[in-house]
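K.L.:
Okay, here's the prediction I keep looking at, along with the sequence it came from:
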Amino acid sequence: MASDSPQDHDQQYQTLESEILRFVRKPGETISESFLCQRFGLSRTPVRSLLQRLQSNGLIRIEPKRGSLVTKLDLNIINQLIYERFAVETMVLRDYISTCNPTDVERVRFLYYQMKETAEPYFTQRDAFDTSRFLSADLNMHSEWFRRMNLEYLWQRLSSPQSSYTRFCMLDILSGNNVPDVLSEHEQLLHLIENGNAADIEPLLRRHLYGGIRRLGPHIYTSFVDYFEPFGGDDHAAPKET
């Protein structure tokens, strides 16, 4: 049997988490306890601990007699989280623009160019493109106005991994071809900050944060319908860009 140190346990968890977040393991797919025992060289007890940890983070659901199923995305929750972030971030960015100094602007410019650098392989050597690194660079730029306004706790709460929304963002990168859109919108955000233009923040952030809904919307009921929880007869969870 392989060793079962806390470090090994974390590495095994991160492997499974990454596979779920990157849709190597698709929503609704069964994860076999026996297969994981064989794969990691573990007994059932540590494997069950891994599965319970995935369940506590909303990535799988353990069902009696059915096993462990990768959870599906809940579009209603995704819409609500986007709405919350849009409402809060619009106010934070307006306040930031009214108080930022040239050093602050230079910091945002630096973060934008870091993000642009992580995107280069997408256009030149797609196999080398790192989706997680790009998403991290995206979030780093947004985090800057929260940091500058001393609202780090609020940013951590808004950006903390969430089973449905985090995977939706990843699906947008993998299948929605969002990189050109996202880069362009971040460049526009930078220009608004450079010019001290708070008036156009709301429409730009609305377009930016609802971009995944716009790009994936036509495919949610077709190509990816099996990835989502049932939408319901009244269609309250239907994708929308408000």
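P.N.:
Yep, that arrived.

K.L.:
show me the contacts for residue 205.
P.N.:
Listed by CB atoms under 8 Å, 6 or more residues apart in numbering, the contact set of residue 205 reads 86, 89, 90, 93, 189. Any C-beta I mention is one placed from the backbone N, CA and C, and that applies to glycine too.

K.L.:
chain center to the helix or strand where the third one lies: distance?
P.N.:
Secondary-structure element containing residue 90, defined by DSSP states H and E: helix 75-99. Remark: helix 75-99 is offset 15 Å from the chain centroid, using CA atoms, centre = their mean, to the nearest Å.

K.L.:
same question, stretch 184-192
P.N.:
The chain centroid and the centroid of stretch 184-192 are separated by 20 Å under CA atoms, centre = their mean.

K.L.:
Now that stretch: buried residues?
P.N.:
Buried positions in stretch 184-192, judged by neighbour count with 16 or more other CB atoms under 10 Å: 185, 186, 189, 190, 192.

K.L.:
and if you look at stretch 221-229?
P.N.:
In stretch 221-229, residues buried by neighbour count (16+ other CB under 10 Å) are 224, 227, 228, 229.

K.L.:
How about the residue nearest to the spatial centre of the chain, nearest residue that isn't a chain neighbour?
P.N.:
Nearest to the geometric centre of the chain sits residue 166, at 3.0 Å (CA atoms, centre = their mean). Sequence neighbours aside, residue 21 is the residue nearest to residue 166 in space, at 6.4 Å (criterion: CB to CB, 6 or more residues apart in numbering).

K.L.:
Can you get me the start-to-end distance on stretch 191-205?
P.N.:
The stretch stretch 191-205 measures 13 Å between its terminal residues, going by CA to CA, to the nearest Å.

K.L.:
before we move on, the earlier item: can you tell me which of the buried residues of stretch 184-192 end up in helices?
P.N.:
Here DSSP state H is the test, and the buried residues of stretch 184-192 give 185, 186, 189, 190, 192 as lying in helices.

K.L.:
Please tell me the pLDDT value assigned to residue 176.
P.N.:
At residue 176, the predicted lDDT confidence score is 72.

K.L.:
and the closest residue in space to it that isn't next to it in sequence, how many neighbours?
P.N.:
Among residues not flanking residue 176 along the chain, residue 215 sits closest, at 3.8 Å (CB to CB, 6+ apart). Here the neighbour count serves as a burial measure; for residue 215 (other CB atoms under 10 Å) it reads 17.

K.L.:
got it, and residue 168?
P.N.:
Residue 168 has 26 neighbours, counted by other CB under 10 Å.

K.L.:
after the helix holding residue 90 comes which helix or strand?
P.N.:
If you walk from helix 75-99 toward the C-terminus, the next helix or strand you reach (DSSP H and E) is helix 102-124.
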